[in-house]
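Trainee: What follows is a protein structure lacking sequence information:
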């Protein structure tokens, strides 16, 4: 029998699946996967449920329901001062991962080079591989997640088709500054390329403001901006994403979307349209709640001898295990953390190109987007396991 696709067949089970299965087997507190353990706003869930009964359950338009595209355009204007044509510059997708895939499909030819910033979301590299792109990875450096300008400049060339930028960043929690964005924008212009911007955590920042690359000089026609209802409204299972791009790029992205998914659930689109108009108070409350939980968990980790790195956005905080590793790398430490302490985390080395230079092996990622009682229970278990070593 002939073999299936060799590349897909060779992909290992994801570290998220592995750690979640291990957590379940050992009844561990799972702070590995990044999803909230509470429901999103009741008003949106009620709107989605009601929309199932309004007689509009057939295919939505290819680029999304007009009311959601118009809400995305309003949000762009309200939050970032971007004037967007909802009919020609917004595409609704089945989640941000699909948005990412179709945006890359629309831009990349085999052999094109793509600049990425590590540590990075684990979907990026497999999608680029399937499209025949060549990754050029640049690392932000711990402990302050510094972006090295010289290394970034060296990653760009005449073969660069785009940079894939994630801000706020998973897993580091880094939010790129205006100065860093201006550096990236200057390189995009210098090398006549594009930027695909994964901004799914745009509303989940703590004490700093997210700035889309699209707002920087020269980027309106070159940047593709991806948002996520799942992250913005704590409904990750809905899988509704939205793309903002100039009409010339959006028209090509729409063709890729037509091939992959064509359209997304209409009742969920109508609910998300309502959500995007909830306004500043809703998003500020969400940010404040997450910031309080980040601080609670980070302070608990510090007290146990696990220094945490800066986390200005997203669902995640990265901790340094050096004081407790006893010669173990991050992968072994995370496995033992589940079986011995009853808490699941993710080794940060999983977020680096496996074919690149050796990644750091002393960092692990915790998801703090859980309820306070869950975080306190995780800290209680960690204290039982690690506190005796402090003496």
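Mentor: Happy to help now that I have it. The shown structure was predicted, so the numbers you read here are calculated from the model rather than taken from an experiment. Numbers count the residues shown, from 1 in each chain.

Trainee: Confirm for me that residue 333 is in contact with residue 363.
Mentor: No - contact criterion C-beta atoms under 8 Å: residue 333 and residue 363 do not qualify, at 9.9 Å. Just so you know, the C-beta spots here come from the backbone N, C-alpha and C atoms, and that holds for glycine as well.

Trainee: Common neighbours of those two, please.
Mentor: Counting by C-beta atoms under 8 Å, 6 or more residues apart in numbering, the common neighbours of residue 333 and residue 363 are 321, 347.

Trainee: show me where the protein has strands.
Mentor: Using DSSP state E, the strands of the chain run over 29-30, 90-93, 113-118, 134-139, 160-166, 194-198, 223-228, 241-244, 316-320, 343-344, 346-347, 363-367.

Trainee: Out of these, which is closest to residue 387?
Mentor: When those are compared by C-beta to C-beta, strand 343-344 sits nearest residue 387, at 13.6 Å.

Trainee: As JSON lines, the strands of the chain with mean pLDDT and mean neighbour count would be great.
Mentor: Formatted as JSON lines, the strands of the chain follow (pLDDT from 0 to 100; neighbours: other C-beta atoms under 10 Å):
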{"stretch": "strand 29-30", "mean pLDDT": "96", "mean neighbour count": "22"}
{"stretch": "strand 90-93", "mean pLDDT": "98", "mean neighbour count": "28"}
{"stretch": "strand 113-118", "mean pLDDT": "98", "mean neighbour count": "23"}
{"stretch": "strand 134-139", "mean pLDDT": "98", "mean neighbour count": "19"}
{"stretch": "strand 160-166", "mean pLDDT": "98", "mean neighbour count": "24"}
{"stretch": "strand 194-198", "mean pLDDT": "98", "mean neighbour count": "26"}
{"stretch": "strand 223-228", "mean pLDDT": "98", "mean neighbour count": "27"}
{"stretch": "strand 241-244", "mean pLDDT": "98", "mean neighbour count": "28"}
{"stretch": "strand 316-320", "mean pLDDT": "98", "mean neighbour count": "24"}
{"stretch": "strand 343-344", "mean pLDDT": "98", "mean neighbour count": "25"}
{"stretch": "strand 346-347", "mean pLDDT": "97", "mean neighbour count": "28"}
{"stretch": "strand 363-367", "mean pLDDT": "98", "mean neighbour count": "27"}
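
Trainee: need these in TSV with distance to residue 207, can you?
Mentor: Formatted as TSV, the strands of the chain follow (distance: least, C-beta to C-beta, whole Å):
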stretch	distance to residue 207
strand 29-30	27
strand 90-93	30
strand 113-118	22
strand 134-139	24
strand 160-166	19
strand 194-198	21
strand 223-228	21
strand 241-244	25
strand 316-320	14
strand 343-344	27
strand 346-347	24
strand 363-367	19
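
Trainee: How much space separates residue 165 from residue 105?
Mentor: 18 Å (C-beta to C-beta, to the nearest Å).

Trainee: do residue 354 as well
Mentor: In terms of C-beta to C-beta, residue 354 sits 23 Å off from residue 105.

Trainee: Looking at the two, which is more packed in?
Mentor: Looking at residue 354 and residue 105 with other C-beta atoms under 10 Å, you find the greater number of neighbours at residue 105, namely 18 against 9.

Trainee: how much space between residue 287 and residue 156?
Mentor: 33 Å.

Trainee: So which of these two has more stuff around it?
Mentor: Neighbours per residue, other C-beta under 10 Å: of residue 287 and residue 156, the larger number sits with residue 156, 19 against 16.

Trainee: so the more buried one makes contact with residue 189?
Mentor: No - counting by C-beta under 8 Å, residue 156 stays clear of residue 189, with 10.8 Å between them.

Trainee: any residues in contact with both of these two?
Mentor: With C-beta under 8 Å, 6+ apart, residue 156 and residue 189 have no common neighbours.

Trainee: where are the low-confidence patches of the chain?
Mentor: Low-confidence segments of the chain (pLDDT under 70): 388-391.

Trainee: Give me the longest helix you can find in it.
Mentor: helix 280-303 (DSSP state H).
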